[in-house]
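[1] structure of the sequence below:
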Amino acid sequence: MIDFYGFNTANGQKVAVMLEETGLPYTFKYLDMMKGAHLSDEYKAINPIGKMPTIVDQDGPGGEPLALFETLAISVYLAEKSGKLWPTDPRERALAMEWATVSPANLNPSFNVHYVLGNRMEGNHKEVREYFTGQVHRIMAVFEQRLDEVPYLAGETYTYADVQLCPVAVISGPAMDGGLTPYPNVRAWAEKIGARPAVKKGMTVIADGTPKS
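    Residues are numbered from 1 along each chain as shown. The predicted structure is shown next:
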């Protein structure tokens with residue numbers, strides 16, 4: 001059994017989708033970051049960074065529990081453990097890692113800065129906002145070109161690399177001027193992936209598991 005600690009953001013949804021896609025048994029544990037649950041000593045014992053998501057695989061390698069944080073590391077682990085969304089072709093396996101890295105390394109940080117400037121900071125910050133908006137569009141254009149060439153980011157096979165982008169595109173993309181309209185290939189790809197039953201379930205797991213006041 002896997003304990004999954006998450007909060008309702010794109011990163012949390014990536015892991016929820018991975019768990020649903022791989023079919024590995026798990027228990028969702030809502031991490032109330034608004035109340036500082038991610039900063040508790042108990043939580044930081046399994047994730048010293050104090051962020052989310054985190055998993056604890058009670059049946060890890062050698063039958064011993066394994067705690068993992070960082071969304072991409074978790075996704076790779078789940079794909080390899082299950083053998084699902086894990087390319088068997090060496091070329092696609094390498095490309096999956098390459099494209100899976102693009103979103104957390106390049107796209108997510110720019111979206112995050114854009115969100116913080118617009119929602120958590122006073123002042124205009126025009127130059128900073130324009131720079132990171134430009135970065136978002138630059139990386140989205142790269143994904144648009146890639147998905148004009150192949151059906152999935154790693155090539156012909158749907159992999160964990162696609163899961164690294166899909167929740168970001170679906171949630172953060174519409175917040176930008178024009179939404180996904182300038183990126184028809186990304187939009188069509190996101191709709192195709194979003195129609196998968198496991199993706200539909202994964203995108204709602206955290207919201208459904210959030211305690212209601």
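[2] for the chain, longest helix please?
    The single longest helix within the chain, with elements called by DSSP state H, is helix 126-149.
[3] just list what that one packs against, helices and strands only.
    Contacts defined by 3 or more C-beta pairs under 8 Å, 6 or more residues apart in numbering; DSSP states H and E place helix 126-149 against helix 90-102, helix 108-119, helix 184-194. Every C-beta, even on glycine, is put in place using the N, C-alpha and C of the backbone.
[4] in that helix, what's buried?
    The neighbour-count check on helix 126-149 (16 or more other C-beta atoms under 10 Å) flags 132-133, 135-137, 139-140, 143-144, 146-147 as buried.
[5] can you give the domain ranges for this structure?
    Following automatic domain parsing, one gets these domains for the chain: 2-85+198-209, 90-197.
[6] pull the distance from the last one to the chain's centre.
    Spelled out, that is domain 90-197. How far domain 90-197 lies from its chain's middle: 10 Å, per C-alpha atoms, centre = their mean, to the nearest Å.
[7] what about it, start to end distance?
    This stretch, domain 90-197, spans 28 Å end to end (C-alpha to C-alpha, to the nearest Å).
[8] after the longest helix of the chain, which helix or strand is next?
    Remark: after helix 126-149, the chain's next helix or strand is helix 160-171, criterion DSSP states H and E.
[9] and the angle for that following helix with helix 90-102?
    Angle of helix 160-171 versus helix 90-102, following axes from the mean of the first three to the mean of the last three C-alpha atoms, to 10 degrees, is 30 degrees.
[10] counting contacts, what elements does helix 160-171 pack onto?
    The contact analysis (3+ C-beta pairs under 8 Å, 6+ apart) places helix 160-171 against helix 10-22, helix 71-82, helix 90-102, helix 184-194, helix 197-209.
[11] turn those helices into CSV, including distance to residue 1, mean pLDDT and mean neighbour count.
    Converted to CSV, the helices and strands packed on helix 160-171 look like this (distance: least, C-beta to C-beta, whole Å; pLDDT from 0 to 100; neighbours: other C-beta atoms under 10 Å):
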stretch, distance to residue 1, mean pLDDT, mean neighbour count
helix 10-22, 11, 96, 25
helix 71-82, 13, 98, 20
helix 90-102, 25, 96, 17
helix 184-194, 27, 96, 17
helix 197-209, 15, 93, 17
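[12] many thanks, I have nothing further to ask.
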